[in-house]
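*Asks:* Got a predicted model here, sequence first, then my questions.
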Number of protein chains: 2
Amino acid sequence: MNKKFFKVITRAKALSLFTELPVMEQERIETRDSAGRILGRTIVAPCDVPHFERSTMDGFAVFADDTFEATESKTVNLSFVGDVTMGQETTLTLKTGQAISIPTGGMVPVGANAVVMIEYTEMDGKRVFIKRRVAPGENIIRRGSDIARKDVLLKAGMKIRPQDIGTLSACGIIAVDVYKKPSVAIISTGDELVPPEQEPFPGVIRGINAYTLHSMTERYGGIPVDFGITKDVFGKLKGFIRQALANSDIVVISGGSSVGTKDITLDCITALSGSHILANGLALKPGKPTILAMVNNKPVIGLPGHPVSCMVIFYLIVKPLIEKMVLRDKRIGEQNKIQARITENVSSVSGREEYIRVSLIEKNEGVWAQPIPGGSHVISSLGKSDGIARIDLESEGIEQGTLVDVFIM
Amino acid sequence: MNKKFFKVITRAKALSLFTELPVMEQERIETRDSAGRILGRTIVAPCDVPHFERSTMDGFAVFADDTFEATESKTVNLSFVGDVTMGQETTLTLKTGQAISIPTGGMVPVGANAVVMIEYTEMDGKRVFIKRRVAPGENIIRRGSDIARKDVLLKAGMKIRPQDIGTLSACGIIAVDVYKKPSVAIISTGDELVPPEQEPFPGVIRGINAYTLHSMTERYGGIPVDFGITKDVFGKLKGFIRQALANSDIVVISGGSSVGTKDITLDCITALSGSHILANGLALKPGKPTILAMVNNKPVIGLPGHPVSCMVIFYLIVKPLIEKMVLRDKRIGEQNKIQARITENVSSVSGREEYIRVSLIEKNEGVWAQPIPGGSHVISSLGKSDGIARIDLESEGIEQGTLVDVFIM
């Protein structure tokens, strides 16, 4: 039995070692279909919105000074000189002493500088009786008051939301450059694995990591490329990885990342030309048996085979890599992190970051996080969880009632 | 001018009036592709996971009692009688005084009830020297200890996550019944509107609601059916709505929902046979001009035309309807709600629920919500926001520093 050892490093250190991570190319897509994509370059407004003065009310466009003395009991009487039609450019010009009927959203005619709400007027066909004064600019949306030409509309690296599609569309930006999604090749290795659709005989189990990783890849902004299950045979696994590298931007391999005799992932990666092992082992629980490497400018990650640690490491390592490859920037609310109080004392080992599965409970005093028991092989423990709570590297545990960050998974 | 009036009701009341909302049919899809879909029926485990006893360590399967006196200095010596091969059913049976080599994940042979880690053993080919005692069950995963037959795996109404796909797949459940997504027909009405790709002349503007609503529909679990922009002409709009009803599960119309002369949405819905107006006006800001109706068992919603109120009402009314139609149940972390302290005093009118656009700022003491100024027509105000903060119905405002619920939009 050849002895192998981990040489663990922290998660933060591990992520910092990916200094040569490539940035994805961009592609142009229709703005209306761009929700959820990552914007490739900062966009500034090419025009003013609105591009003409609009009324915010149904009423009469006037010259504000004319209404100065108007009251309910002593109206100001203006000459009615026409209507602004909704959706049409008006050619009317307003002179002092005149009023022009205007609908909500209608174009304010030249010469007018305010709109009196219809509720504060009466008319007899020729004259308009104004019952209340208006200030200059009242009930008018000025040109460029929503979006001014050259305003920054959306910054590069932001995830595009429905409201952003609205802002861009309002300026006539109907196509945007977004980063292509990184493709993630997913390989499972393990002599004991059969696909979920097979009835496993005693001694073998259903390999579920190919499915969970597929789904997580889509959820976190990648395109899964499924390579299925291979046996723990050096030539086979190496061949899978080589083929995966030729067909994807990131390669993940679940299983074979520990230091047992059957664990060959490290050997396979090392044997590839152009490979550079960044880490073998993380100061992290669950997920110690993790391998990080770059092979010819592409990240290759050996994930633990245990289903829980496999998903947790995907979340903690692969998701950030996907995000780095599209220079992702995040709004605060997008971090999917909430604070909760832990329901019981949890011990931990200092020098190792720990993530415990928790279910969230809403009580009057706020949200509480209840630890879910079970080792990293207990698939159902993650299904029962709402997320994972972090216990920091230097902590020796957390006391009941302490606020913890819970990352919703 | 025929006078029309709102008769406002609260949002909670409005939602409660949809008593005859249909529930979507279900469809069977592959489990691996089911992430994000809503489970149609509660699933119980058809089998135990694991379905045989497995070792959690590389080592030797033993009868625990045999190791009772083992210490580092005085080992217990057992007869080596063979190996368990990974991924194969073992036919070996262990008798007292014997040890069988076993890999992590290997099948524990009949007769063995514990595994000694390889680190605490030595062997000479015939004998295994045990240096540490093990308790019965130690380093063994019992049959059904992860998932027991008849355990509830996932409840109806839950959104399926990657880890749920893992749990289901582990039991060989490779297809699931999920609710079909409600289709949402999207109509925009307005004489002043042109599609975003057109250069608007003075007097007309780009209609963006068709795009934002399309994107929100997808984001919140519906299938958009785009009907584009129509003029504020009774026969035309009514025709659009009738056609939309024939081709979708929910109909939304943006624009024409207020009480001006050009606002014809209410008249159009009322004129349809089988229509039942539930509400005309909400005690809500932004979004007062909202029409809620059922037409032949399908919800028809008249949304405000102003882009901000349009999106906010979609979020507050249409999203819950989509969720009700698939009997959606939510985990706490899925509510996309965070608590933040408001950065300034905000006044409000009692008797009206108010939602203010806010951007979130992370300070040392926690997250703060900064109100974004601008009326409900200011498109860019929602683009600058991270979410909307609620001011309750009976509140007359909130003081600086007060904790508010912010719904991430």
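*Replies:* Nice, thanks for sending it over.

*Asks:* what about the nearest residue to residue A:255 once chain neighbours are set aside, which SS state?
*Replies:* Using Cβ to Cβ, 6 or more residues apart in numbering or on different chains and skipping residues adjacent in sequence, the residue nearest residue A:255 is residue A:305, 3.5 Å away. Glycine gets a C-beta too; all of them are placed from N, C-alpha and C. At residue A:305 the chain is in coil, as set by DSSP: H, G, I helix; E, B strand; the rest coil.

*Asks:* residues contacting residue A:305?
*Replies:* Residue A:305 makes contact with A:189, A:190, A:209, A:254, A:255, A:256, A:257, A:258, B:105, according to Cβ atoms under 8 Å, 6 or more residues apart in numbering or on different chains.

*Asks:* elements contacting the lengthiest helix in chain A?
*Replies:* Under DSSP state H, the helix in chain A containing the largest number of residues is helix A:234-246. Helix A:234-246 is packed against strand A:183-189, strand A:223-230, strand A:250-254, helix A:265-271, strand A:298-303, with contacts defined by 3 or more Cβ pairs under 8 Å, 6 or more residues apart in numbering or on different chains; DSSP states H and E.

*Asks:* next one: the second one to chain centre, how far?
*Replies:* Mean-position distance between strand A:223-230 and its chain equals 24 Å (Cα atoms, centre = their mean, to the nearest Å).

*Asks:* before we move on, what about stretch A:188-198?
*Replies:* What separates the centre of stretch A:188-198 from the centre of its chain is 32 Å, taken as Cα atoms, centre = their mean.

*Asks:* wait, does that stretch contact chain B?
*Replies:* Yes - applying Cβ under 8 Å from any Cβ of the partner chain, one finds stretch A:188-198 in contact with chain B at A:190, A:191, A:192, A:193, A:196, A:197, A:198.

*Asks:* Stretch A:162-170 now?
*Replies:* Yes - judged by Cβ under 8 Å from any Cβ, stretch A:162-170 and chain B are in contact via A:162, A:163, A:164, A:165, A:166, A:167, A:169, A:170.

*Asks:* Looks to me like residue A:119 is in a strand.
*Replies:* No - under three-state DSSP, residue A:119 falls outside any strand and is assigned helix.

*Asks:* contacting residues around residue A:381?
*Replies:* A:308, A:357, A:372, A:373, A:374.

*Asks:* quick one: the closest residue to residue A:395 other than its chain neighbours and chain B, what's the gap?
*Replies:* Of all residues not flanking residue A:395 in the chain, residue A:348 sits nearest, at 5.6 Å (Cβ to Cβ, 6+ apart). Residue A:348 is 20 Å from chain B, where distance means Cβ to the nearest Cβ, to the nearest Å.

*Asks:* I'd guessed residue A:92 sits against residue A:81; true?
*Replies:* Yes - the pair residue A:92 / residue A:81 is scored as a contact, 6.8 Å apart, by Cβ atoms under 8 Å.

*Asks:* From what I see, residue A:83 and residue A:107 are in contact.
*Replies:* No - with contact defined as Cβ under 8 Å, residue A:83 and residue A:107 do not form a contacting pair (11.5 Å).

*Asks:* quick one: which of the two has more around it?
*Replies:* The residue with more neighbours, out of residue A:83 and residue A:107, is residue A:107; 27 against 15, by other Cβ atoms under 10 Å in any protein chain shown.

*Asks:* Skip the chain neighbours and tell me the closest residue to residue A:186.
*Replies:* The shortest distance from residue A:186 to any non-neighbouring residue, by Cβ to Cβ, 6+ apart, is to residue A:213 (4.7 Å).

*Asks:* in what helix or strand does the one you found lie?
*Replies:* Assessed by DSSP states H and E, residue A:213 sits inside helix A:209-219.

*Asks:* between that helix and strand A:250-254, how many degrees?
*Replies:* Put simply, helix A:209-219 runs at 150 degrees to strand A:250-254, going by axes from the mean of the first three to the mean of the last three Cα atoms, to 10 degrees.

*Asks:* so what does helix A:209-219 touch, helix or strand wise?
*Replies:* strand A:183-189, strand A:223-230, strand A:250-254, helix A:307-313, helix B:162-170.

*Asks:* Quick one: mean pLDDT over the second one.
*Replies:* Which is strand A:223-230. Taken as a whole, strand A:223-230 carries a mean pLDDT of 97.

*Asks:* Briefly note if it comes near chain B.
*Replies:* No - judged by Cβ under 8 Å from any Cβ, strand A:223-230 stays clear of chain B, getting no closer than 9.0 Å.

*Asks:* And the contacts of that strand?
*Replies:* With Cβ under 8 Å, 6+ apart as the test, strand A:223-230 has contacts from A:181-190, A:193-195, A:207, A:210, A:213-215, A:217-218, A:236-237, A:240, A:243-244, A:247-248.

*Asks:* Domain map for chain A?
*Replies:* Per automatic domain parsing, the structural domains of chain A span A:11-24+A:181-324, A:26-49+A:149-179, A:54-141, A:336-408.

*Asks:* Can you convert those into TSV and add a column each for distance to residue B:396?
*Replies:* Shown next, in TSV, are the domains of chain A (distance: least, Cβ to Cβ, whole Å):
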stretch	distance to residue B:396
domain A:11-24+A:181-324	42
domain A:26-49+A:149-179	28
domain A:54-141	25
domain A:336-408	24
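
*Asks:* Look at residue A:282 and say how many residues are nearby.
*Replies:* 27.

*Asks:* Check whether residue A:201 really touches residue B:89, as I assumed.
*Replies:* Yes - using Cβ under 8 Å, residue A:201 is in contact with residue B:89, at 5.9 Å.

*Asks:* hey, which strand is longest across chain A?
*Replies:* Using DSSP state E, we find that the single longest strand of chain A is strand A:353-363.

*Asks:* Name the surrounding residues that touch that strand.
*Replies:* Residues contacting strand A:353-363 (Cβ under 8 Å, 6+ apart): A:10-11, A:283-287, A:308, A:312, A:316, A:338, A:340, A:342-343, A:346, A:348, A:367-372, A:374, A:381-382, A:384-393, A:406-407, B:331-333.
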